[in-house]
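Undergrad: Turn this into a structure:
(2 chains)
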Amino acid sequence: MTQALLALAGNQNSGKTTLFNVLTGSNQHVGNFPGVTVEKKVGQLKDLKEVSLVDLPGIYSLSPYTSEEVVTRDFILQEHPNLIINIVDATNIERNLYLTLQLMELQVPMIIALNMMDEVVQSGNSIDTELLSKQLGVPIVPISAARKQGINELIRTIKKMLKHPVAVLKPDFCSGEVHRAIHAIAHIIEDHAKQCDYPLRFAATKLVEGDAVMQQKLSLHDDDIHIIEDIVKSMEHALQVDREAALADMRYCYIESICKDSVCKVQETYGQQRSEKIDRWLTHKYLGIPIFILLMLFIFYITFSVIGGALQEWLEIGIEAFTEQFSILLNNIGVSSWLHELLINGVCNGVGSVLSFLPIIVILFFFLSLLEDSGYMARVAFVMDRSLRRIGLSGRSFVPMLIGFGCSVPAIMAARTLSSERDRKMTILLTPFMSCSAKLPIYGMITAAFFPDHAALILISVYLLGILVAILSGLLLKQTVFQGDCVPFVMELPAYRIPAAKSVSLHMWEKAKDFLHRAFTIIFTASILIWFLQSFDWQLHYISDSSASILASLGSSLARVFAPLGFNDWRAATALISGVTAKESVVSTLSVLTQGNDAALAQMLPQIFTPLSAYAFLAFTVLYMPCIAAFAATKRELGSWRDALLTVGYQTAAAYIVALLIFQIGSLFL
Amino acid sequence: MTLDQIKPGKGGIIIAVNGEGALRRRLLDMGLTPKTKVVVKKTAPMGDPIELSLRGYMLSIRKDDAAKIEIEVIADDTGLVGTGR
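TA: Modelled structure (predicted):
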């Protein structure tokens, strides 16, 4: 068989990812669709290595309003897949078939994988798949992706369809006035559609719906547009509804009419009944929020204290031992001292300190995929939605933001599960304002030196400051950058399901791989760069006294920039620069640059800061650009250097302005 | 009457979906079309959004958006929707 491209399309929560994992195994690559932060997964079929399968985003319709839906239709129209596999949730067939009807209009050969058929049958319901297949003119294979039932039959059907592709039978499910309008418009745009290589029926339907994207792509004459609008107006007049409602209604009426014959539902499935019982507790009026908070506390405790903490310690010990052995080896070979320093202090320590994050990330994503795959994440969004609405986000962003208090890296990576591109970008930008746990040593250092009697108060105020800036930024961004295209909060609450072990482990592996890849590319490079700046002076002499280094001299020139914030000191500036590698380095750098020992640090700090400027310094550290690992995650998730740099630029600017206000206004009173 | 005014446990039949743009299209796409039966299941802990049952599945929408859906209350409502329970 020759090369072939399959597209997997379906609703969210239809078991799409599970089916993708079953069909491809672990041969998958994850990336983004060009220009958007929409995830694109590609894999090779297990039995047919020459056939690639693309996992399209989970969507409910092919409207022009969300980037996920636009990406899906563009992919099918431009990449011309040989076959669409449309996964349909049999327990929720009416709404799932709504997308199917729109996919059929794309005139690409198609197979329906009717998922969760086992659940339908178990509950005493039934679906006559043969009849349904005849009615739709599309082959249907009943499967259960989670139990791997029907997969062989699905593969056989795929093979058959690839050998003898059968186009979707002309999907003439329209009737009456809508039918007349679609066909009249089809005549007008026939040439344009052919020129763009668009399926005529799809283009005509989209024009009836008033799809601006399609209208533009077809480059119609003004005269044609007028005629089309007249046709639509007379249709609207005859039906007494507007164009979008007319088409949605037509599709659902058609679905109802065929389901009446082929679907027999005597009761809700057991899964649906069970979900209702579980939700009596999990979305309970008074218990819903406490249960959520307890669950998150438990996850944090396990991740950061119990397992993650222990694994992190072991990993650190391992890395240290490796570094030591490696150092001895280098000495034995007799490499020059600067190369020794580069490999040990630059590479091993730099990458090593970032690598020790790995256990935390893997464990956090274990829990996150449980929350996501079980269906609980949708309940979190439901329960917490109100709290984030004012800043233009939905409840879905709550979990990534909460994780931000632990570590920004997995928090930014967790934003991937948000269903809208706008929410994803905004969440990625705001999450680092949630003060991460690596910043605690900085707060400890400053409060010990300046505010020993009010440590708790200062600590709380710093956390609140981060949240406040996030809220203000949200309000600001809602009015500016992320204006207009606010994605409506209309969210399915799927039935609870037991997460598939394979999906969870693949998800963890994928995140670990992703993080390791970054640790050895961006973070590796950055570690070497920082080491270089720390170890050489401008004449490129290798130096042992870091106060003469390039980094220190950069720090001195930057010190002036920080003068309006109250800390015109090269050591503070240098510490902030090195804080970009990891936030803990702010403390270690300050201690190296002052006396070289932690005990003396508290005595030295008052030479650099006044209490007010120390607080301004704290404010700056909470808000300014996150560490290089988080920056790498931002770049990865946003898919563009420009957006990533703008994001950290915004964060640093916000930090500067807030610290400036604190110092300047504070100076008036103190 | 609009959907946001319906008490949890009660339902009705959709008469019209008002509003515009992405939100309205999304409501229609999710099956909130005229003549569809819908039941309000519950309200979220903070009073908003609400949970609906329609076409055999559960959907959550905000009250502001529910206010755009006109509804005719069914007098004898048993809380059953779609093809059965």
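
Undergrad: residues in contact with stretch A:347-361?
TA: The contact list for stretch A:347-361 (Cβ atoms under 8 Å, 6 or more residues apart in numbering or on different chains) reads A:303-304, A:307-308, A:311-312, A:315-316, A:319-320, A:322-323, A:326, A:406-407, A:409-410, A:413, A:511-512, A:515-516, A:519-520, A:523-524, A:526-528, A:530-531, A:581-582, A:584, A:628-629. All C-beta atoms are positioned from the backbone trio N, CA, C, and that covers glycine.

Undergrad: Can I have the buried ones of those residues as a ChimeraX selection?
TA: Filtering the contacts of stretch A:347-361 down to the buried ones (16 or more other Cβ atoms under 10 Å in any protein chain shown) takes a single ChimeraX command:
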select /A:303,304,307,308,311,312,315,319,323,406,407,409,410,413,511,515,516,519,523,524,526,527,528,530,531,581,582,584,628,629
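
Undergrad: and chain B, which of the contacts of stretch A:347-361 contact it?
TA: With Cβ under 8 Å from any Cβ of the partner chain as the criterion, no member of the contacts of stretch A:347-361 is in contact with chain B.

Undergrad: And the pLDDT at A:L368?
TA: A:L368 carries a pLDDT value of 88.

Undergrad: Packing partners of whichever strand or helix holds A:N152?
TA: A:N152 is part of helix A:151-163, with elements assigned from DSSP states H and E. In terms of contacts (3 or more Cβ pairs under 8 Å, 6 or more residues apart in numbering or on different chains; DSSP states H and E), helix A:151-163 is packed against helix A:16-24, strand A:83-89, strand A:110-115, strand A:140-142.

Undergrad: closest one to A:Y270 among those?
TA: Comparison of these against A:Y270 by Cβ to Cβ identifies strand A:83-89 as nearest, at 14.9 Å.

Undergrad: Which residues are in contact with A:L368?
TA: Here A:L368 is in contact with A:399, A:403, A:410, A:414, A:417 (criterion: Cβ under 8 Å, 6+ apart).

Undergrad: what kind of secondary structure is the spatially most central residue of chain A in?
TA: Taking Cα atoms, centre = their mean, the centroid of chain A lies closest to A:R416, which sits 1.2 Å from it. Assigned with DSSP: H, G, I helix; E, B strand; the rest coil, A:R416 falls in the helix class.

Undergrad: ok, it touching A:D423?
TA: No - A:R416 is beyond contact range of A:D423, at 11.3 Å (criterion: Cβ atoms under 8 Å).

Undergrad: mind checking the SS state of A:A9?
TA: strand.

Undergrad: residues contacting it?
TA: Counted by Cβ under 8 Å, 6+ apart, A:A9 has contacts A:16, A:56, A:59, A:72, A:76, A:84-87, A:99, A:103.

Undergrad: Repeat the analysis, applying 10 Å as the threshold.
TA: A:16, A:54-59, A:62, A:72-73, A:75-76, A:81, A:84-87, A:99-100, A:102-103, A:106, A:110 (Cβ atoms under 10 Å, 6 or more residues apart in numbering or on different chains).

Undergrad: likewise A:Q607?
TA: Counting by Cβ under 10 Å, 6+ apart, A:Q607 has contacts A:569, A:571, A:594.

Undergrad: pLDDT score for it?
TA: Taking A:Q607 on its own, its pLDDT is 87.

Undergrad: Kindly provide the distance from A:E492 to chain B.
TA: A:E492 sits 6 Å away from chain B, going by Cβ to the nearest Cβ, to the nearest Å.

Undergrad: What confidence value was assigned to that residue?
TA: 94.

Undergrad: And the helix or strand harbouring A:D118, what does it pack against?
TA: With secondary structure defined by DSSP H and E, A:D118 is part of helix A:117-122. Under the contact criterion of 3 or more Cβ pairs under 10 Å, 6 or more residues apart in numbering or on different chains; DSSP states H and E, helix A:117-122 touches strand A:83-89, strand A:126-127, strand A:140-142, helix A:270-282.

Undergrad: Deepest-packed of these, please.
TA: Highest mean neighbour count among these (mean count of other Cβ atoms under 10 Å in any protein chain shown): strand A:83-89, with a mean of 25.

Undergrad: From the chain's centroid, how far away is whatever helix or strand comes next after that strand?
TA: Once strand A:83-89 ends, the next helix or strand along the chain (criterion: DSSP H and E) is helix A:93-104. Relative to its parent chain, helix A:93-104 has a centroid offset of 26 Å by Cα atoms, centre = their mean, to the nearest Å.

Undergrad: and the angle from helix A:93-104 to strand A:83-89?
TA: 170 degrees (axes from the mean of the first three to the mean of the last three Cα atoms, to 10 degrees).
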